Structures are given as C-alpha cells and as structure tokens.
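**Student:** Need coordinates for the below:
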Amino acid sequence: MKVIGLAGWSGAGKTTLLTRVIPLLLKKDLRVSVIKHAHHAFDVDVPGKDSWRHRESGATEVLVSSTRRWALMHELRGAGEPRLSELLAKMSRVDLVVIEGFKREPHRKIEVHRAANAKPLLFPDDPGVVGIATDTAVETTLPTAHLDDIEAIAAMKTDREMAIKTLTKYLGQIKDRDVLIKSYEAAAPDNRISRKQYPYLAGLQMALDLLAEENPKAKSAKPEDFVDSRFIKELDDSGYIDNLYKAKPR
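**Tutor:** Predicted structure coming up:
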C-alpha cells in the first residue's frame, strides 16, 4: 500500500488541494484513502446523539453503522496519541493513502507552501519531502508544481509508477517488471534514484549497477548500449535541465 503525505503550515491550502487531486487519482482507477491530523479537541460526533451519549457515559469505542457507511470512534482517555504507523495499520488496503498533516513524521511527503503565509519551507530540513507545490519560486532540484497545477501534483503522488515506466521505456531490453520494481524499491528509500525525470547517463548507470546485483551480465553493460543520450547529455552538461527546476512555476 503506497503512502504519500501533504505537509505544510496551517493555511497553506492542503485540504483544498487534496480535494482537487483525489478526483484525478480516481480517474486513474486508484483506490484512495486519507488520514488527516486534527487538533486535539476535534469531534466527528454530534452532541446529544445516541453515539455521543454512549461515549460520554464512558465507552472506549463506539461504532456507528448504516447502509451507506460506518464509523468507529475510539476514545484515548489520557493514553498517548498513536503514531502514524499505528494508524496506517488500522486502514483497509487501498492503492494509495494520502496523509494530510503529520509533518514531523518521516514518511515521504509533498510540501504545500503558500507565500502569503510567510512561513519557512520545510524541505531543507526534512529529508522526507520529495516534491513541492507552491505559488512562488523555490530554489531546489526537487520536483515542483504550482498550487493550481493539479495534474502535476497528482503525478507526484504516483511517482513510483512514473519511475518504473521511465525505466521500462529507456531500458527497453529489460522486460521483466519484477526486476524493474525491485530495482526501484531498492533505490528509492535512500534516494539513490535521481530526482530528474529523464534518462541521463548517470541515471542509467545507476540502474545498471542495481541490476548487476541480480544479473552479472549487467556489469559489462554501458548506458550507451540502451539509448542514444548524446542530446540529453549535452543539455545536462550545459546546465539547461537544472535551470528548468529552478524556473518560476507558471
């Protein structure tokens, strides 16, 4: 089950952004769930209702069910707040769980930054930030998207499939999806996969080094054997592609 977060200071527009992104994810036939961090005094119940009275009388949990939905309310009653990992374990299996808030947890997340908030960015100090949605220019090599570019933000949330498709396209002689997935998953946790989404030589060599761990034949392979990247390399060496990441979002 994939997990990606939306993190940022209050007022950045995380909820508004998420409600616009979810329909796009659903169009990709993804099943999506959400975990949201709230203030300590939040309540989803209605005072005076039967379920509220059950809780007020001391019940540890109250489950309310109907033909349309069911909801389980659990009272901590002085116990510590569960960690994100514990909450994820309570969720039904879906394709993607989006975490709104929990910015101090170490999961992979997209930072939502709004200039009018006058708050500092999280990403320089948070290695979990893998992309930024913002309405201002940000000096970074991380993928960025304007707050209004919903399709780009949705793509950030499904970057695993994007990376695998890129590997499949440019390492055309390797057809085994299991090998491609294993290579991606081996590299992604420690950021060995480049953030640049194009087949430059160093990135291809990185993939070959990973494949060599499974297949000794890959040790003698060269990136040039798989793709003519002379034009890409020329752009990379000139600094053109790095400058694209620094450009002000439109």
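
**Student:** Report how many residues lie close to residue 87.
**Tutor:** The tally of other residues near residue 87 (other CB atoms under 10 Å) stands at 15. Placement of C-beta: from N, CA and C, glycine included.

**Student:** please begin residue numbering at 56 from this point
**Tutor:** With the count now opening at 56, the last piece we talked about shows up as residue 142.

**Student:** That one - that's part of a helix, no?
**Tutor:** Yes. Assignment of residue 142 by DSSP: H, G, I helix; E, B strand; the rest coil places it within a helix.

**Student:** Make sure it is actually in contact with residue 90.
**Tutor:** Yes. Counting by CB atoms under 8 Å, residue 90 is a contact partner of residue 142 at 5.6 Å.

**Student:** and residue 99, what does it touch?
**Tutor:** Residues near residue 99 by CB atoms under 8 Å, 6 or more residues apart in numbering: 126, 128.

**Student:** ditto for the one 10 residues further on
**Tutor:** Residue 109 makes contact with residue 117 under the criterion CB under 8 Å, 6+ apart.

**Student:** separation between it and residue 127?
**Tutor:** According to CB to CB, to the nearest Å, residue 109 and residue 127 sit 12 Å apart.

**Student:** Find residues that contact each of the two.
**Tutor:** Joint contacts of residue 109 and residue 127 (CB under 8 Å, 6+ apart) are residue 117.

**Student:** For the top helix by length along the chain, buried residues please.
**Tutor:** Longest helix in the chain, counting residues (DSSP state H): helix 69-82. For helix 69-82, the neighbour count (16 or more other CB atoms under 10 Å) marks 69, 72-73, 76-77, 79-80 as buried.

**Student:** Packing partners of it?
**Tutor:** Judged by 3 or more CB pairs under 8 Å, 6 or more residues apart in numbering; DSSP states H and E, the packing partners of helix 69-82 are strand 57-62, strand 87-91, strand 151-155, helix 205-212.

**Student:** could you redo the last one with a cut-off of 6 Å?
**Tutor:** Helices and strands touching helix 69-82, by 3 or more CB pairs under 6 Å, 6 or more residues apart in numbering; DSSP states H and E, are helix 205-212.

**Student:** and residue 149, that one's in a helix?
**Tutor:** No. Under three-state DSSP, residue 149 falls outside any helix and is assigned coil.

**Student:** Can you tell me how far the residue lying closest to it once chain neighbours are set aside is from residue 68?
**Tutor:** Nearest non-adjacent residue to residue 149, counting by CB to CB, 6 or more residues apart in numbering: residue 86, 4.0 Å away. Using CB to CB, residue 86 is found at 25 Å from residue 68.

**Student:** Good, wrapping up.
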